[in-house]
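>>> I'd like to go over a predicted model; first the sequence, then the structure.
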Amino acid sequence: MKQRSAQKISGRGYLLATVCAVFILLLFVMYAFIHAGAWLVSEDPVEKSQAVLVLSGGLPDRALAAAQIYRNGFAKEVWLTQPLQPGAAMKELQLPYAGEEEYSRMVLIAKGVPPEAIHILQPRILNTADELQAVAAALDKQPDATAIVVTSKSHTRRVQAIWKKISPGRRGRLIVRAAPDDYFDASHWWRTTSDALSVVREYLGLLNAWAGMPLPPSK
């Protein structure tokens, strides 16, 4: 009888421990789910820099933020990159397309940035890694220079992760800032499909960056 009672008590203790472990795991999963969007937003303190770069995409929010940074005296220049697409596809179709960099340039000028302060980096880019390589090359020409990169809120942490992969051995520094007017709702990212897709895309991109970017960009 005593042995059966001991086994019964032991079985109850095991069950209770299992239930507690499952409950704690569910709490952790819930916490991680709720804060998944907020964790992606990672900004660096702003400081005076050689240039502010408008990362491709997010028109006109990123260009507007870059113009504000320039007007506040934190950058001497504004840098733009040249996305390969959709310009190449439009050219094949023999249809006019100014290029995203030209529209960003128009936004910058409209918001008070002098045309002579705007510089377009080479070569043409396919993805964020290409853009940061272009920034690194530009900073290499100005040792110990700093550049501010403006991107969307959800993209900030991945930009930092990619920069860590390509910056060893370089003397230039990067400051990552989010466009204030970006639509991303970090606290309630699951409420809209656009925010949910952004979160999924950014976590997949982070995994690729942490793995050394083995997956090439689509062309």
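Received, thanks.

>>> okay, now the unreliable bits of this structure?
1-11, 216-219 (pLDDT under 70).

>>> what ranges do the helices span in it?
Ranges of helices within the chain are 2-40, 61-71, 87-92, 100-110, 128-140, 156-166, 193-210, based on DSSP state H.

>>> tell me which of those helices is the most buried.
helix 61-71 (a mean of 22; mean count of other Cβ atoms under 10 Å). For every residue, glycine as well, the C-beta is placed using N, CA and C.

>>> for it, name the packing helices and strands.
strand 49-54, strand 75-80, helix 100-110, strand 146-151, strand 173-178 (3 or more Cβ pairs under 8 Å, 6 or more residues apart in numbering; DSSP states H and E).

>>> looking at these, which is nearest to residue 33?
For these, proximity to residue 33 was assessed by Cβ to Cβ; strand 173-178 is nearest, at 21.7 Å.

>>> quick one: contacts of the closest one?
Contact with strand 173-178 is made by 41-47, 49, 65, 69, 132, 135, 139, 144-153, 155-156, 159-160, 163, 167, as judged by Cβ atoms under 8 Å, 6 or more residues apart in numbering.

>>> related to what we said a few turns ago, same list (the helices and strands packed on helix 61-71) but as CSV, adding distance to residue 88.
Listed next are those as CSV, based on distance: least, Cβ to Cβ, whole Å:
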stretch, distance to residue 88
strand 49-54, 20
strand 75-80, 17
helix 100-110, 12
strand 146-151, 23
strand 173-178, 28
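
>>> with that, I have no additional questions.
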